[in-house]
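1. below is the sequence, then the predicted model.
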Amino acid sequence: MPKIGNILLPDFPLLLAPMEDVSDPPFRRLCKLHGADLMYSEFISSEGLIRDAMKSKMKLDIFDYERPVGIQIFGGDEEAMEMSSRIVDAVQPDLVDINFGCPVKKVVCKGAGAGVLKDVDLMVRLTKAVIKGTNLPVTVKTRLGWDESSINIDEVAERLQDIGVQALTVHARTRAQMYKGHSDWSHIARVKNNPRITMPIFGNGDIDSPEKALEYKNKYGLDGMMIGRAAIGYPWIFNEIKHFFETGEHLAQPTMQDRIEAARNHLTWSMEWKGERVGIVEMRRHYTNYFKGISNFKEHRLKLVTLESSEELFKALNEIQEVYADYQFS
């Protein structure tokens with residue numbers, strides 16, 4: 001069973017990826033309900049935390065029912081990373097995670113996220129600064145390297161472990177790939193098989209079905225896997241994968257009633273945490289995923305993304321439940 005500090009995880013845990021504008025407390029709550037073993041906040045700017053930026057501070061909100069849960073930070077300045085890790089330490093998550101994997105240009109241009117893959121010495125210094133600022137276990141999420149010609153995950157893993165990093169999650173793409181092309185988990189398996197590596201190694205990238213999860217589990221021999229985009233609008237994927245691991249059989253697909261209940265809960269919790277107006281607006285990005293692939297749904301989807309009040313939205317969800325009461329998912 002993988003262990004991070006004092007956190008004992010189940011055998012081959014399933015982790016929820018930290019996703020910007022997605023992995024907030026309402027979404028994490030749903031994923032926890034459906035089997036996620038370890039979750040992370042959206043990534044938080046170290047500079048934003050130090051400036052006391054409202055959006056960054058709000059991302060520090062964690063709740064006991066989520067545990068174990070980590071808060072993820074990013075940045076390119078050692079002092080800011082140390083100071084922000086002290087702020088994170090004060091809210092007492094179960095661990096602090098550092099993002100060295102975000103490929104987005106505005107992050108990379110600041111020498112943060114995946115931009116640090118071009119300078120492993122800087123990555124080590126930034127990580128040391130975070131470790132210095134917190135009493136919590138420190139973990140890292142990164143990528144294989146900057147591009148195909150500079151894959152350096154082997155060096156990165158050894159050097160991070162040597163300074164005290166307690167687990168490593170690797171997205172099996174380079175920064176140049178962004179989210180395109182195929183992930184290559186063979187590089188992560190090589191890190192795991194390095195006799196010097198003793199910390200847990202988790203894989204991330206392209207896990208979108210129980211079959212693929214089992215294939216990768218057996219093929220690459222890692223300590224667990226992280227699931228990101230496949231969980232958006234489909235939090236059931238965690239329990240579906242676990243059930244498939246145990247039985248080789250598929251759980252029944254979530255019914256329309258299940259999807260309505262998840263969307264209703266997600267909306268309710270979003271409004272409770274963000275306030276009604278913001279909760280309604282920010283929930284709109286999720287409806288398409290909850291009701292993906294349902295025939296003749298355009299009119300209902302349009303309502304969900306344009307209605308302005310919670311009463312109207314709950315009424316619209318009730319209407320969908322009635323109209324599609326007998327809908328069979330293929």
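-> Arrived safely. Residues are numbered from 1 along each chain as shown.
2. tell me the helices and strands packed up against the top helix by length along the chain.
-> In the chain, taking DSSP state H as the definition, the longest helix is helix 256-274. Applying 3 or more C-beta pairs under 8 Å, 6 or more residues apart in numbering; DSSP states H and E, one finds that helix 256-274 makes contact with helix 25-33, helix 276-290, helix 310-323. For the C-beta atoms, the positions are set from N, CA and C on the backbone; glycine is no exception.
3. what's the closest of those to residue 162?
-> The minimum distance between residue 162 and the helices and strands packed on helix 256-274 falls on helix 25-33, with 31.5 Å, by C-beta to C-beta.
4. next helix or strand past the closest one?
-> Scanning forward in sequence from helix 25-33 by DSSP states H and E, the next helix or strand is strand 38-40.
5. distance between that next one and the chain's centre?
-> Centre-to-centre, strand 38-40 and its host chain are 7 Å apart (C-alpha atoms, centre = their mean, to the nearest Å).
6. quick one: strands adjacent to that strand?
-> Within its sheet, and counting by DSSP bridges, strand 38-40 is paired with strand 14-16 (parallel), strand 69-74 (parallel).
7. I'd like the average pLDDT over the last one.
-> Taken as a whole, strand 69-74 has an average pLDDT of 95.
8. angle of the next helix or strand after that strand against strand 69-74?
-> Sequence order places helix 78-91 as the next helix or strand after strand 69-74, per DSSP H and E. For helix 78-91 against strand 69-74, the angle by axes from the mean of the first three to the mean of the last three C-alpha atoms, to 10 degrees is 160 degrees.
9. tell me the helix or strand right after helix 78-91.
-> Using DSSP H and E, the first helix or strand after helix 78-91 is strand 95-100.
10. ok, that next one: who's next to it in the sheet?
-> Strand 95-100 has the following strand partners under DSSP bridges: strand 69-74 (parallel), strand 138-143 (parallel).
11. now it, how far from the centre of its chain.
-> When C-alpha coordinates are averaged (C-alpha atoms, centre = their mean), strand 95-100 and its chain have centres 11 Å apart.
12. and it, average pLDDT?
-> 95.
13. list of residues touching it?
-> 4-5, 7, 18, 40, 43, 68, 70-74, 81, 85, 88-89, 112-114, 116-117, 123, 126-127, 130, 134, 136-143, 156, 166, 169 (C-beta atoms under 8 Å, 6 or more residues apart in numbering).
14. try 6 Å this time
-> Strand 95-100 is touched from outside by 4, 40, 43, 70, 72, 74, 85, 88, 113, 116, 123, 130, 134, 136-142, with contacts defined as C-beta atoms under 6 Å, 6 or more residues apart in numbering.
15. my guess is residue 188 contacts residue 203. True?
-> Yes. The criterion here is C-beta atoms under 6 Å, and residue 188 meets it with residue 203 at 4.8 Å.
16. returning to what we had before: winner for burial among the helices and strands packed on helix 256-274?
-> Counting by mean count of other C-beta atoms under 10 Å, helix 25-33 has the highest mean neighbour count of those, with a mean of 22.
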